[in-house]
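Chemist: pasting a predicted model and its sequence here:
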Amino acid sequence: MRYKITWFLLCFPIFLWAQEKRWILANEAGNPIALAVVSFSLGDVGQTVTTDSNGVFTLPQQVKTVQLSFLNIHQTIDFEKLNDDYLIRNDTLFCKKLAVFLPQTMLSSVRVYSPYPTGSLQLQNFGSQSAEDVLNRTPGVVVIGRQVSIRGGSGYSLGAASRTSLLVDGMPLLQPYSGDIRWNLLPLENLNLGVQWMPTRGMIPSGSINGVLSAVSDTNTRNSLSENFRKANTFRVFHTVYGNPPAGVLRTWPGRNPWNSGLDFRNVLWNRNGLKLITYGQLLRDEGYRESEFSYRFRGGFNANYHQVWNRHTVDVTLRGFGMRDSTALFFFWESDSTAYKVPATSFKPTVIRTHYFDPEIRWTSPNQKHEIWQRNRIFYTGNWQKYHELIYKNILLKQEKSEIDWSTGILQQFTDADSVWGRSRGAWAEVNASRKGEWGKWVASGSVRWENYENQRKKPVSKTIFRGKMLWETPKMWQIQLAGGQSWRAPNLIETDITTVGGSFGLFPNPYLRPESAVGYDLKFASPYSGLGNFSISQFICSYNNLIDLQYGIFFPANFDSTKTYTLADFVGARNENIASARISGWVAEGRWRVYQRGKSSLEFFADYTYALPLNLNKLNDSVQRILKYRIQHLAHFNVQAEFFQHWKLYWSTRYTSQIRHIDGELERFVPGIKEMRTEQKMGNIWSDVQVSYHGKSETRLGQGDGWETSFFIRNLWNTKFMPIPGNLSAPRSYGIQVRYFW
């Protein structure tokens, strides 16, 4: 309370001097709408402001008409001519048509923004400590052996060679030498995740053949909704107990069932004089659900932002950094059913990962808000070094009430050093965006070009120029039609071409003759407006690949083969990545949401989506018979329920269906006991369900968010499903957990 009074006393004279009025944007239920873009005009100059996490924004007193934009919904409001769709009470603007958005009462839960439909699904973490678990509840997304597959685009690759780019605050953060994602590096305490299948912007890296994961932290200086969402301060403790697996599947923990427990926090320390400092961290002790498997983790970080205006010039200086120590021993393959998943002791040798991350950024904006220049840098160490630099310029050519045109360009450089083999990429990009609102609705068009060059000390440089574009038409009734298309390519990383490594019981052999892979695709989407009960969308997509890189199991010569030495068969058995020429992945995605009940603070909503993907190898095999690509899931569906009742109680139910992987390498079924039998048993696919019940004890405010606490009980893998997400590995049995969270 003292903090709020102090803030009011400091800010009130400033507001008076500037002749500005403070407004609150809320939906019909009174819940604040965060990060809505409010556009207005002063004379001939168009300006925008963005609502904060409490829905607060300020406007000059003389402004009478504003335009609201949130996700894909746009509304124009005349304060002097309000209709039944809007209501003003105590400086709060209630927008009944924007009741589509979920109550902002659980700001610390993970948010994943999906372009389908025109809304955001607030995903509960069910005690998850990794982004991998959260993404598995995201429409069109499934994680196969640490690799993200969006709409069936990627398969199993021993953790290397990802076709999905991971962007953290706009910059790539894949392992530079292997191209995989270290999920524990992502601090969910201070990140929000966005998922995009078709990369349409020039600033998105060329390697995003299968899509983009955009993770954005608070204190980010960019204003796009999918890149910035301010969370509440939180402190959380959690404790999970692994239950007994189905009989005859795997061993229970000796003596007692294993635990997974820890704590995490996030706090804004300063927020004054233009300076904001956020600290966050996590402490985790996971005993694992198999004998000798464990994970002990400590992670901490900070984000600092200094915002200042000098003579109408705006400068933002941002500094991000974190460190992590993760000691892990992971399970890979079983030996046989009779030995109850025992594996050689060497497979459980702990791996200790020490990570250091440093990310400074500086941004300048001109007085008329038409020019921006910013420099981004990243130094990233996980036993190998990665350095990334990018310089960007943006120019707004036209910004009016009904029209807007801007263009931007950037140059970049990335350097990697792994096992005495260095790799380097350089590039440049440019894009233009235009929008026009008229009698027939709103049109948005964008186009971009990107050039990248990649080389390492053992390979000649390879380069590629790609083009991308998007066209969106939104009718006056808010129906949407969007066509997006573009190219992408990916140069092989160091593990694929030059480094021998070990993944569990198998070696991963390099392939010095690997060629870059490329792709071209398009996506056609049709989406309905929110009608008060719900909305839906459907999308059709096709992506064609050339020189597609896929993992092949078999017998290969080691890279350092010496004919004078004695070898065993195990020295030659493993996997390596190879080009398989042409391939095509096509399919469609349907998604919808329905609000079936709303009365006061009680509500019931359903979310459902279904993805069908047909991944075909177009090479001539067995008299030109087309074959499904290996390690792909063709059918993926989610069904989620979110309910609020008795003012303080919430219920979340999440169910996922995945069809069986049609094809895997035959060597695995022949040489690894149990895989063939398990695949026969799981022929119809798998259903995985999580459920969570939460009680909120908090002090309500007129903004819908106050200090308080929340206690949640959750069950993961409710039906104790026996599920093999990758060959030779089973997912966790049913687990029970509790978490207590305090927020302010």
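Modeler: Perfect, thanks for sending it.
Chemist: all helices of the stretch 351-500 of the chain, in order?
Modeler: Secondary structure of the stretch 351-500 of the chain (DSSP state H, counting those that start in this stretch): helices at 494-497.
Chemist: domains in the chain, by residue range?
Modeler: 2-98, 111-743 (automatic domain parsing).
Chemist: for the chain, which segments count as helices?
Modeler: 2-18, 131-135, 494-497, 666-671, 675-681 (DSSP state H).
Chemist: other SSEs contacting the second one?
Modeler: So the one you mean is helix 131-135. On a contact count with 3 or more CB pairs under 8 Å, 6 or more residues apart in numbering; DSSP states H and E, helix 131-135 meets strand 141-144, strand 191-196, strand 211-217. Any C-beta I mention is one placed from the backbone N, CA and C, and that applies to glycine too.
Chemist: buried residues, stretch 633-652. List them.
Modeler: 633-634, 636-644, 650, 652 (16 or more other CB atoms under 10 Å).
Chemist: I'd like the mean pLDDT over that stretch, please.
Modeler: Average pLDDT, stretch 633-652: 90.
Chemist: which residue of the protein sits farthest from its center?
Modeler: Distance to the chain centre peaks in the chain at Thr564, reaching 49.6 Å (criterion: CA atoms, centre = their mean).
Chemist: quick check: the closest residue to Arg662 other than its chain neighbours vs Asn617, distance?
Modeler: What sits nearest to Arg662 in space, not counting adjacent residues and going by CB to CB, 6 or more residues apart in numbering, is Ile628, at 4.5 Å. Distance, Ile628 to Asn617, by CB to CB, to the nearest Å: 7 Å.
Chemist: single out the most deeply packed of the domains of the chain.
Modeler: Of all the domains of the chain, domain 111-743 has the most neighbours on average by mean count of other CB atoms under 10 Å, namely a mean of 18.
Chemist: who touches Arg363 in this structure?
Modeler: Under the criterion of CB atoms under 8 Å, 6 or more residues apart in numbering, the neighbours of Arg363 are Thr221, Val315, Asp316, Val317, Thr318, Glu372, Ile373, Trp374, Gln375.
Chemist: sorry, back to before: nearest to Ser586 among the buried residues of stretch 633-652?
Modeler: Distance to Ser586 across the buried residues of stretch 633-652 (CB to CB) is lowest for Gln634, with 11.1 Å.
Chemist: thought that closest one was touching Trp588?
Modeler: No - using CB atoms under 8 Å, Gln634 is not in contact with Trp588, being 11.9 Å away.
Chemist: name the helix or strand of this protein that has the lowest mean pLDDT.
Modeler: helix 2-18 (a mean of 40; mean pLDDT, DSSP states H and E).
Chemist: residue contacts, the residue lying closest to Ile392 once chain neighbours are set aside?
Modeler: Residue nearest to Ile392 in three dimensions, not counting chain neighbours: Gly410, with 4.1 Å by CB to CB, 6+ apart. By CB under 8 Å, 6+ apart, Gly410 lies in contact with Gly202, Met203, Glu390, Leu391, Ile392, Tyr393, Ala428, Trp429, Ala430.
Chemist: next one: Gln413
Modeler: Neighbours of Gln413 in contact, by CB under 8 Å, 6+ apart: Tyr388, His389, Glu390, Arg424, Ser425, Arg426, Gly427.
Chemist: repeat the analysis, applying 10 Å as the threshold.
Modeler: Lys387, Tyr388, His389, Glu390, Leu391, Arg424, Ser425, Arg426, Gly427, Asn453 (CB atoms under 10 Å, 6 or more residues apart in numbering).
Chemist: for the stretch 301-450 of the chain, what spans make up the strands?
Modeler: Assigned by DSSP state E, counting those that start in this stretch, the strands in the stretch 301-450 of the chain fall at 313-329, 351-365, 371-381, 385-399, 403-418, 421-438, 441-456.
Chemist: swap that for the stretch 501-650 of the chain, sorry
Modeler: According to DSSP E, counting those that start in this stretch, the strands that the stretch 501-650 of the chain contains are 501-503, 506-508, 517-527, 534-546, 549-555, 573-579, 583-599, 602-617, 627-628, 635-645, 649-658.
Chemist: and the third one with strand 583-599, angle?
Modeler: In terms of direction (axes from the mean of the first three to the mean of the last three CA atoms, to 10 degrees), strand 517-527 departs from strand 583-599 by 30 degrees.
Chemist: what angle do strand 534-546 and strand 517-527 make with each other?
Modeler: Going by the same axes, to 10 degrees, strand 517-527 makes 160 degrees with strand 534-546.
Chemist: sheet partners, orientation included, of strand 517-527?
Modeler: strand 480-490 (antiparallel), strand 534-546 (antiparallel) (DSSP bridges).
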